[in-house]
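Enquirer: can't give you the sequence, but here's the structure:
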């Protein structure tokens, strides 16, 4: 009798603690602690706040309320996998691990569990081939697009000819940092520029050797694939050797306020790529202020709204919401499953009208996802830091990357993965 | 001489400067280990905490503002004043003394006569506590630290040495911050040596370092000495925090500078102040020269961390107590 009562209490408690069946669950593998916490916090806040906005303003997605289940990973791959295992049974619709290391670990797991994963601007680049990576999506842009857009920007600045120019890549000595090397090597052959590679070990607090080498070799441009403290130190060291900041271009993970503020005025003119807009001059932010921040329902203190990484988290959440709506439309039910969510992501179409309707006109590029292309068209923009105004401004439109080079590399890499894992290419 | 030769000298000089920066962190470890036999895992976090306090005092930030706002629904963040750097450093120093007092009262006092591994584990706990406490008190955003120390290459040196190696040589590059770090480290080490050799407290400190029991038997208070040593280590952590924080901003990663001190300690010995300095210089020069001559041209670069630990390991094999450490002979 006593055992039956205890069981009943436990079941009741788990029902109260866990999401109800009618909720759409979006896990957030966040990192608010550890060496990368300062970057993880605004992303997690933006991600969470957008779902709160959807609940408060729209009454959820298609009438179903959303629930964000947050799990702290501290940017640690093992903890990330633990978080995945502990939340996947809650009906989690899509995972966004915000870590290339975790992405590599989760690719076989999500595929086996029939749960989609969105790695927006990170992760395994060749996952853009949906015929091999059925459950992994990396729209709207990936690292190889980033590398190509950076080269295209340099081409634009130099009237289309960069033959003989020297470009140095300062990269985090990890799977993430090494991602653009192959693309840049191909582009170096195509455009006849000289590429030099400078690895920086984690965490990147000491980079004297790399910047002395840059001072000696005098590259015309420096590209950076950094994260965390590596970015701040690199920007300071570049300023120390009086490297022209206008010729220093970081990937989107090296382009937040956190990266440039410690260097103060010396960071003025530094450039970074981005796959979404910067600033808070969009109607959606008025709604966030009204329905989320002023209502006391913000995930954080509300002081991150409009920062680059907050916007990225919010943009990722918006794309998840739109994919969920698409899935609801395809399957004719509001209460979608992870498998249905995958279908929604594969059929996602982001048009200018749709974004304008969300109060985010021009916030991101227009794109459509398909089975063959889980990565979208790979459009990204260039932003530049104004140290006086303490703000980023977008100095180029969302422009295309060199898909002749990238498409071939994606096919090669994904075919190798398919062969290693006995995957038969095809659409679901 | 070719430009490459002079660039080699430049790398050597920068290695020395980097070594000084490592030594600043290693010194804090040495002070505490020497006086109490504790390997203080929290030394890196102390540097972070000191730098957080310094920026917080300087910018007039209200401690625990986020907690207060979340609890009471208020919107307070700053006092509205900007404290001069020197006054902020003094306030931070007071904070580190308070920290030393609290560590002694709530941690060390209860662990007297425990095995060194227990004390080491306690400092691991302390490190994690301090990480969270620092974030709670001052927030986890990345903060700019500016106490007026100039940064950037020394122009005078560059211009006056550019003639040495022909057109391909641009003059020696030395960061002004590193020059100041060297000056501060020299003053710090001199002051520490004078303090331990010529003051009554310094002699008491050395007595405790030599033999706890004997020091107790002649009336030296172990608890007072521990508070003094942890306060001095707090001051050293503040200097390290200022120098490293000026480069990267004040953020969690500042606590990871401890990783750079470990090979220095293995090489210089855990109980020698000059050892921390010499060890730092050897590691700094060794890793930078290896990267310049072998790492970058032949191994793809990023060899510095690896080389520092390899060098320290080699020293351990031939001289386990480090260059200047005390040789421990335990009779069975």
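Expert: Cool, got the structure. In this text, all values refer to a predicted model and were calculated from it rather than measured experimentally.
Enquirer: Find the helix or strand that residue A:146 is a member of.
Expert: Per DSSP states H and E: residue A:146 is located in helix A:143-157.
Enquirer: Show residues contacting that helix.
Expert: Residues from elsewhere that reach helix A:143-157, judged by C-beta atoms under 8 Å, 6 or more residues apart in numbering or on different chains: A:121-122, A:125, A:141, A:161-162, A:165, A:167, A:176, A:179-180, A:182-184, A:187, A:191, A:193, A:221, A:223, A:225, A:249, A:251-252, A:271, A:273, A:375, A:378-382, A:396, A:399-402, A:405-406, A:409-410. (Glycine included, C-beta is placed from N, CA and C.)
Enquirer: Would you write a ChimeraX line that selects the buried entries of the residues you listed?
Expert: Per 16 or more other C-beta atoms under 10 Å in any protein chain shown, the buried members of these correspond to this ChimeraX selection:
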select /A:121,122,125,141,162,165,167,176,179,180,182,183,184,187,191,193,221,223,225,249,251,252,271,273,375,378,379,380,381,382,396,399,401,402,405,406,410
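Enquirer: Looking at the contacts of helix A:143-157, which are in strands?
Expert: A:167, A:221, A:223, A:225, A:249, A:271, A:273, A:381, A:382 (DSSP state E).
Enquirer: In those, find the pair that's most separated.
Expert: Farthest apart among the ones in strands among the contacts of helix A:143-157 by C-beta to C-beta are A:167 and A:381. That separation is 19.6 Å.
Enquirer: Number of residues surrounding residue A:370?
Expert: 13 (other C-beta atoms under 10 Å in any protein chain shown).
Enquirer: Over to it. Which of the three states is it?
Expert: At residue A:370 the chain is in coil, as set by DSSP: H, G, I helix; E, B strand; the rest coil.
Enquirer: and the residue of the stretch 101-250 of chain B nearest chain A?
Expert: residue B:249 (2.8 Å; C-beta to the nearest C-beta).
Enquirer: how close does that residue get to residue B:241?
Expert: To residue B:241, residue B:249 is 12 Å away according to C-beta to C-beta, to the nearest Å.
Enquirer: circling back to that earlier point, so which of the contacts of helix A:143-157 are also by chain B?
Expert: Checking the contacts of helix A:143-157 against chain B by C-beta under 8 Å from any C-beta of the partner chain, not one of them is in range.
Enquirer: just checking, which of the contacts of helix A:143-157 belong to helices?
Expert: Under the assignment DSSP state H, the contacts of helix A:143-157 contribute A:176, A:182, A:183, A:184, A:187, A:191, A:405, A:406, A:409, A:410 to helices.
Enquirer: can I get those in CSV with distance to residue A:134?
Expert: Below are these laid out as CSV (distance: C-beta to C-beta, whole Å):
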residue, distance to residue A:134
A:176, 23
A:182, 24
A:183, 24
A:184, 29
A:187, 29
A:191, 35
A:405, 25
A:406, 20
A:409, 20
A:410, 15
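Enquirer: Check these and tell me the two furthest apart.
Expert: A:176 and A:191 (24.4 Å).
Enquirer: Let me know the secondary structure of the residue lying closest to residue A:425 once chain neighbours are set aside.
Expert: Counting by C-beta to C-beta, 6 or more residues apart in numbering or on different chains, residue A:425 lies nearest to residue A:131, which is 4.4 Å off, once chain neighbours are set aside. Going by three-state DSSP, the secondary structure assigned to residue A:131 is coil.
Enquirer: Just give me the neighbour total for residue A:131.
Expert: 19.
Enquirer: mind checking how far the nearest residue to residue A:333 once chain neighbours are set aside is from chain B?
Expert: Excluding the flanking residues, the one nearest residue A:333 by C-beta to C-beta, 6+ apart is residue A:340, at 7.6 Å. In this view, residue A:340 and chain B are 37 Å apart by C-beta to the nearest C-beta, to the nearest Å.
Enquirer: Would you confirm that residue A:340 contacts residue A:330?
Expert: Yes: counting by C-beta atoms under 8 Å, residue A:330 is a contact partner of residue A:340 at 7.2 Å.
Enquirer: the more surrounded of these two?
Expert: residue A:340 (20 against 14).
Enquirer: Three-state assignment for the more buried one, please.
Expert: Per three-state DSSP, residue A:340 ends up helix.
Enquirer: Residue A:299 too?
Expert: coil.
Enquirer: My guess is residue A:60 contacts residue A:53. True?
Expert: No: using C-beta under 8 Å, residue A:60 is not in contact with residue A:53, being 10.9 Å away.
Enquirer: Just want to know which of these two has more residues nearby.
Expert: residue A:53 (27 against 20).
Enquirer: Let me see the confidence value for the more buried one.
Expert: The model reports residue A:53 with a pLDDT of 98.
Enquirer: Helix or strand: which one has it?
Expert: Assigned by DSSP H and E, residue A:53 falls in helix A:37-58.
Enquirer: related to what we said a few turns ago, per-residue confidence for the residue nearest to residue A:333?
Expert: 98.
Enquirer: That one and residue A:323, how far apart?
Expert: 10 Å.
Enquirer: and if you look at residue A:52?
Expert: Where residue A:323 is concerned, residue A:52 sits at a distance of 18 Å (C-beta to C-beta).
Enquirer: In terms of neighbours, single out the busier of the two.
Expert: When neighbours are counted by other C-beta under 10 Å, residue A:323 comes out ahead of the other of residue A:52 and residue A:323, with 28 against 20.
Enquirer: correct me, but the more buried one touches residue A:341?
Expert: Yes: using C-beta under 8 Å, residue A:323 makes contact with residue A:341 at a distance of 6.5 Å.
Enquirer: between these two, what contacts are shared?
Expert: residue A:94.
Enquirer: For chain B, what is the nearest residue in chain A?
Expert: Closest point on chain A to chain B, by C-beta to the nearest C-beta, is residue A:262, at 2.8 Å.
Enquirer: Quick check: the nearest residue to that residue once chain neighbours are set aside vs residue B:130, distance?
Expert: The spatially closest residue to residue A:262, leaving aside those adjacent along the chain, is residue B:249, at 2.8 Å (C-beta to C-beta, 6+ apart). Distance of residue B:249 to residue B:130, computed by C-beta to C-beta: 19 Å.
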